[in-house]
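[1] fold the following and give me the result.
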Amino acid sequence: MTDHTFGIAFPGQGVKREALVAGLNAHRAHPLVSRLFATFGALETDDLDLDDTAVTQPTTFALGIAAVETFIGSVPDVPLVLGHSLGELTAAVCSGALDVESGFQLALKRGRLCRDQNSQRPGAMVAVVGTELDDVEWLRRRALAEETGILEIAGINSRRQAVLSGDAVLVAKAVKLADDDCLRTEMLPISGAFHSPLMLNAIPEWRRAVESAEFRQARTPFISSIDARVHTDPDEIREMLVRALLMPVRWRDSVRKAAETGVPGLLDAGPGDTLLKLARRDRILTFDELAGSPLAGTV
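    Coordinates of the predicted model:
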């Protein structure tokens, strides 16, 4: 049975290494994944430096596109798309607002910019799990009182999970304070302080890259996790992609917006199951794995 009522959701860079490896092995024959290997001069998965943001971001993008094209088709007939952080770029392509080649080039550019920005001023990101947002803000302010620098709430993933992003020393301070308060933290597998003011210097070059790409009216509604609104206008989608480097990810609000549209659920395109796990915390919408959904194999 084919069910085209679910939307599609794409994760960001915070995907674990083993999930990326599994995705690369599963989609090795896909043209975009083959292009990824060729771009980095890799013959085998082990040849790709998946600890390098400049490699990880285009890899995550390519695997999201490969999953959709493999299990649904190049023109997915779904009611909406959305993405978490980097996943917004994948979602923009899936919406039809941007072609795959342009999206891939932007993923390469974004990865390099993020890596270069981190080399200038090292940053980090940590998820604070199992507590309310006001507790995370209490933690953040106390860390800033002890260390000078930048530390921001970079993402609200669920009612009881938020992400802090900023200078590496401040993130370490926040983790120590969280330990003292018996709060659980999880360092993200990301080298950089994304969705924080530390990304400001990358914005001009990123804007030039995004504005040089050709955008068109989206055929599928695109929910931005920056403003949690539905977009189809190409200029609006372009601006959301630019601002996404600096602005916090409002994932919980975005899933709520998807629910408001009437979709019964979302499919996690992967790689990995990050979004599936987040969905279990709030249960706003049903989430399923794209590969295991009724849509898979219906092309």
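
[2] immediately after the lengthiest helix in the chain, which helix or strand?
    Counting residues, the longest helix found in the chain (DSSP state H) is helix 100-120. Toward the C-terminus, helix 100-120 is succeeded by strand 123-129 as the next helix or strand (DSSP states H and E).

[3] just to revisit the earlier point, and the longest helix of the chain, what does it pack against?
    Helix 100-120 sits against helix 31-39, helix 53-71, helix 87-95, helix 203-212, with contacts defined as 3 or more CB pairs under 8 Å, 6 or more residues apart in numbering; DSSP states H and E. For glycine as for every other residue, the C-beta is placed from the backbone atoms N, C-alpha and C.

[4] tell me the most buried of these?
    Among the helices and strands packed on helix 100-120, helix 87-95 has the highest mean neighbour count (mean count of other CB atoms under 10 Å), at a mean of 29.

[5] show me the contact partners of that one.
    Under the criterion CB atoms under 8 Å, 6 or more residues apart in numbering, residues 8-12, 60-61, 64-65, 68, 76, 81-83, 98-100, 102-103, 106-107, 110, 215, 218-226, 232, 237, 240-241, 244, 269 lie in contact with helix 87-95.

[6] and the angle from that helix to helix 100-120?
    170 degrees (axes from the mean of the first three to the mean of the last three CA atoms, to 10 degrees).

[7] for Thr60, give me the pLDDT.
    Note for Thr60: predicted pLDDT of 97.

[8] before we move on, what about Pro294?
    Reading off the model, Pro294 has pLDDT 47.

[9] heads up, I number from 11, so please use that
    Shifting the count to begin at 11 puts that one at Pro304.

[10] centre of the chain to stretch 31-50, how far?
    Relative to its parent chain, stretch 31-50 has a centroid offset of 19 Å by CA atoms, centre = their mean, to the nearest Å.

[11] what about the helices in the stretch 161-309 of the chain?
    Per DSSP state H, counting those that start in this stretch, the stretch 161-309 of the chain carries helices over the ranges 178-190, 213-222, 244-253, 261-270, 284-292.

[12] with distance to Glu142 and mean pLDDT added, can I get the ones you listed in a markdown table?
    What follows is the helices of the stretch 161-309 of the chain, written out as a markdown table (distance: least, CB to CB, whole Å; pLDDT from 0 to 100):
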| stretch | distance to Glu142 | mean pLDDT |
| --- | --- | --- |
| helix 178-190 | 13 | 97 |
| helix 213-222 | 31 | 98 |
| helix 244-253 | 26 | 98 |
| helix 261-270 | 12 | 97 |
| helix 284-292 | 12 | 91 |
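
[13] rebuild these as JSON lines, extending it with distance to Arg27.
    Formatted as JSON lines, the helices of the stretch 161-309 of the chain follow (distance: least, CB to CB, whole Å):
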{"stretch": "helix 178-190", "distance to Arg27": "20"}
{"stretch": "helix 213-222", "distance to Arg27": "25"}
{"stretch": "helix 244-253", "distance to Arg27": "25"}
{"stretch": "helix 261-270", "distance to Arg27": "22"}
{"stretch": "helix 284-292", "distance to Arg27": "13"}
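
[14] and Val31, which of the ones you listed is closest to it?
    Smallest distance to Val31 across these (CB to CB): 15.0 Å, for helix 284-292.

[15] can you tell me what sits against that closest one?
    19, 21-22, 24-26, 29, 94, 167-171, 261-262, 265, 276, 278, 295-299.

[16] buried ones in that helix, by neighbour count?
    284-286, 288-289, 292 (16 or more other CB atoms under 10 Å).

[17] again with stretch 34-43
    34, 36-37, 40, 42-43.

[18] of the residues you listed, closest to Thr63?
    Using CB to CB, the buried residues of stretch 34-43 come closest to Thr63 at Leu34, 16.6 Å.

[19] which residues does Glu142 contact?
    Per CB under 8 Å, 6+ apart, neighbours of Glu142: 169-170.

[20] look up how far Asp189 lies from it.
    In this view, Glu142 and Asp189 are 18 Å apart by CB to CB, to the nearest Å.

[21] what pLDDT does the model give Pro86?
    86.

[22] quick one: it from Leu210, how far?
    In terms of CB to CB, Pro86 sits 35 Å off from Leu210.

[23] and those two? Which one has more around it.
    Pro86 (23 against 12; other CB atoms under 10 Å).

[24] mind listing what that one touches?
    18, 78, 104, 230.

[25] and the two most separated of these?
    Val78 and Thr230 (11.1 Å).
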